[in-house]
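**Q** Here is my input; please provide its structure:
(chains A and B)
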There are 2 protein chains.
Amino acid sequence: MQANILTVGDEIVSGHVVDTNAAYLAGRISELGIGVRRMSSVGDDVAEICGEIRSALEDADLVFITGGLGPTGDDVTKQAVARAVGRKMVIDRDLHARLAERWKGRKPVSPRVVEALALVPEGAATMGNPVGAAVGLDLEHEGRRLFVLPGVPREMKSIFEGAIVRLLKDLPKDEVSSTRIIKTTGIRESQIESDLAPVAGDLPVSLGYLPRPEGVDLRLTAVGADPGVVAGRLEEATQQILPLLGAYAFSAAGENLNLVVGNALLERGITLAVAESCTGGLIGHLLTQVAGISACLDRVIVSYSNRAKIESLAVDGDLIEARGAVSREVAEAMAEGVKRLAGSDLGLSTTGIAGPSGATKTKPVGLVYVGLAHAEGCVVSEHVFAGSREIVKLKAAVHALDMIRIHLAGRGV
Amino acid sequence: MQANILTVGDEIVSGHVVDTNAAYLAGRISELGIGVRRMSSVGDDVAEICGEIRSALEDADLVFITGGLGPTGDDVTKQAVARAVGRKMVIDRDLHARLAERWKGRKPVSPRVVEALALVPEGAATMGNPVGAAVGLDLEHEGRRLFVLPGVPREMKSIFEGAIVRLLKDLPKDEVSSTRIIKTTGIRESQIESDLAPVAGDLPVSLGYLPRPEGVDLRLTAVGADPGVVAGRLEEATQQILPLLGAYAFSAAGENLNLVVGNALLERGITLAVAESCTGGLIGHLLTQVAGISACLDRVIVSYSNRAKIESLAVDGDLIEARGAVSREVAEAMAEGVKRLAGSDLGLSTTGIAGPSGATKTKPVGLVYVGLAHAEGCVVSEHVFAGSREIVKLKAAVHALDMIRIHLAGRGV
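**A** Next up is the predicted model:
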């Protein structure tokens, strides 16, 4: 069983937004064992959308469409769907009544808006939108099935998760496929490939590699007769792969490093304080994406100026003078300083040159020191990261989080 | 003149990554006055890619393809291109020599890898890759032109900017189109629509709206005979629209708020210190994306615990006890505290409940206080932001940055 995904909107084909809806749908549909054959995007034009729907219907059992369901003039997806499947547009009376009810007693909405929202291709079933006014549509056409969803990501997800997931689970399938992501950091794609060479030919999955600034993701895809078989293959392959990757692999469930590190701290009740310079708050931001982290994270001091390093972290001004703010010694003093001030178990620090300016003869853009102070001392690592300011910040923050992970793993605590 | 964009990779159709290449290319191609008709994505399968290239060649003058140019087994895009345009694959001798030279004296690369990278569809011109091994390709086919680029974003951008942009600029065009983004925050889409109603019918551009968590983007698109005419129309429309949006509009050039605020601080030489609680470092991260901001940003204290608020920001412990950490009074004490400690012109603070837990009877998830201390006092605003932990953090950070912008605008400094 295969699916095509079509996202609609001038904002997509003009490059104004990155289309996250298609990736979300592709990920969820794949997880449910249905392969995604093609994703495409066109602007808000009835003829273009209609042509694309027809071609999507040609080679997939399921077609998912998002965007262009609102009441304004540029929302023409429903008209395009009706034209593509040869139906007329009709007012859905039930829907019209529900929409009228929705706005009762609130700011009046023009009858034209209510009517536009209640217009659907004849015979389409509607799927309620818990967080917005534009409903989803579910149509059958010549043995194919179309799902039409709003473009606002929150609304799209709400209808997909609330109404479509269980439909997809129940569909009879000849074959299902599923994917698992093993996340690594600190190792190159080519090294992973050669580390896995001894088993690669015998794995019951296919492998894909995705290098990102924060590390290489390894994607395992299994195909089989049913979800149980597929899950077994993914698990078997994971068990063969993980020992070969050693400590470079930090999640076999596609979790990001901030989540892995945050949860490890939470589970073990280890407290942390952070002193950032070149990462500028990014480590704090990443850790505080983890719900409940306040139990472990006491404070983050972004000491951007030398004065702040001295005043907020008790770093010795003479040391900064002697070694420079971007130095092994200052990284250590920052990590030790923030740990002592916060009274935490661990102190993490970064100092470096994010660029594009700030380089000196001996210190290039991308030079970063990361310090981790713990009960028995302090480790400092030195790096030269390539890339833009943004990428240098990201790589430094990821490496800093990874030092915590490796420290915890090394202790076996 | 129209373009189609095709991105290739199992990682895209499995939803493993969000496809940022297509958006980047679409944005840049649009800026150069060429309309993007359709974007599509398929997995690493020769037949699928070939089919998609053929259909892309049917209805566009230019076709841009990214991904699948590497030397490994799943990189099959070049083969698919050759098949789609009916050419055989040949070794590009010059390229082969350059690649061999590239690795000379470094870690030896297998001859198979060099050969795979030097194989191109016959007659394709190559475009050098300054930051990687896979070159770009430039082919003509039946009056259409294909550009084939690597999937690694940094490499794709490097070749596009280095070799393709000037080709696109020089292409003769019957008509060009261009887009401008006016960015707003603090105002709803429907309010913008009604504020613009008096002029909307007479504008020499078409309008699109894109609501995001951080505010609504207004997209202006102009079409005309040449770049000068189009630029004039965009400028004329901008001059009509901006006065109607007032202070809600913060950029008429599509710049993000952190850049606008960071640059305003830099230009005016105003110093800032930040005390974050619920935003967890995100404000610091956003501000430090701006190159050179160290001249204005002294420090960011993420005082996640009450103890950190007391110790690092000199907030009165009794005040926290009496009013709660999430309160107007504590927001003010944090902003004043960090300003005083850093000796900066401005002190910015956030304290709130990012969720999903932490709500009390009187304080819901999403409740956030933002404080801005300045020379004449301190303003504190109260909000209840809807959405996930991530969204609450983002909305709070954006609002905090916007308070600086409005403060600076109000002073006319």
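
**Q** The nearest residue to A:Gly136 once chain neighbours are set aside: neighbouring residues, count only.
**A** Residue nearest to A:Gly136 in three dimensions, not counting chain neighbours: A:Met127, with 3.6 Å by C-beta to C-beta, 6 or more residues apart in numbering or on different chains. C-betas here are computed from N, CA, C, even on glycine. Counted with other C-beta atoms under 10 Å in any protein chain shown, the neighbours of A:Met127 add up to 19.

**Q** Tell me the spacing between the residue nearest the centre of chain A and A:Glu175.
**A** The residue lying closest to the centre of chain A (C-alpha atoms, centre = their mean) is A:Asn256, at 8.3 Å. As judged by C-beta to C-beta, to the nearest Å, A:Asn256 and A:Glu175 stand 31 Å apart.

**Q** one step back: what's near enough to touch the residue nearest to A:Gly136?
**A** A:135-138, A:147, A:159, A:162-164 (C-beta atoms under 8 Å, 6 or more residues apart in numbering or on different chains).

**Q** B:Leu286 versus the residue nearest to the centre of chain A, what's the distance?
**A** 19 Å.

**Q** Now A:Ala373: which helix or strand?
**A** Per DSSP states H and E: A:Ala373 is located in strand A:367-374.

**Q** re the thing from before, spatially, which two of the contacts of A:Met127 are the most separated?
**A** Maximum pairwise distance in the contacts of A:Met127, criterion C-beta to C-beta, is 14.3 Å, between A:Leu137 and A:Gly162.

**Q** Compare those two and say which is more crowded by neighbours.
**A** A:Leu137 (22 against 15).

**Q** residues touching that one, list them.
**A** A:Leu137 sits next to A:78, A:81, A:120-121, A:124-127, A:146-148 when contact means C-beta under 8 Å, 6+ apart.

**Q** did I read that right, it in a strand?
**A** Yes. Applying DSSP: H, G, I helix; E, B strand; the rest coil, one finds A:Leu137 inside a strand.

**Q** List the beta-bridge partners for it.
**A** A:Thr126, A:Val148 (DSSP bridges).

**Q** Can you tell me how far it is from chain B?
**A** Separation of A:Leu137 from chain B (C-beta to the nearest C-beta, to the nearest Å): 22 Å.

**Q** Check A:Phe385 too.
**A** Taking C-beta to the nearest C-beta, one finds A:Phe385 at 13 Å from chain B.

**Q** cool, and A:Tyr304?
**A** Distance, A:Tyr304 to chain B, using C-beta to the nearest C-beta: 5 Å.

**Q** I figured that residue hits B:Cys296, correct?
**A** No. At 9.3 Å, A:Tyr304 does not count as touching B:Cys296 under the criterion of C-beta atoms under 8 Å.

**Q** Enumerate every residue touching A:Ala60.
**A** Residues counted as contacts of A:Ala60 (C-beta under 8 Å, 6+ apart) are A:2-4, A:37-38, A:144.

**Q** can we see that at 6 Å?
**A** A:2-4, A:37 (C-beta atoms under 6 Å, 6 or more residues apart in numbering or on different chains).

**Q** Over to A:Ile270?
**A** Here A:Ile270 is in contact with A:Asp345 (C-beta under 6 Å, 6+ apart).

**Q** Kindly recompute the last result at 10 Å.
**A** A:Ile270 makes contact with A:264, A:296, A:344-346, A:374, A:404, A:407-408, A:411, A:413, according to C-beta atoms under 10 Å, 6 or more residues apart in numbering or on different chains.

**Q** Okay, and which of those residues map to strands?
**A** Applying DSSP state E to the contacts of A:Ile270, the entries found in strands are A:346, A:374.

**Q** Of the contacts of A:Ile270, which one scores lowest on pLDDT?
**A** Of all the contacts of A:Ile270, A:Val413 has the smallest pLDDT value, namely 40.

**Q** How about A:Leu203: what's its closest non-neighbour residue?
**A** Nearest one to A:Leu203, counting by C-beta to C-beta, 6+ apart, is A:Ala237 at 4.7 Å.
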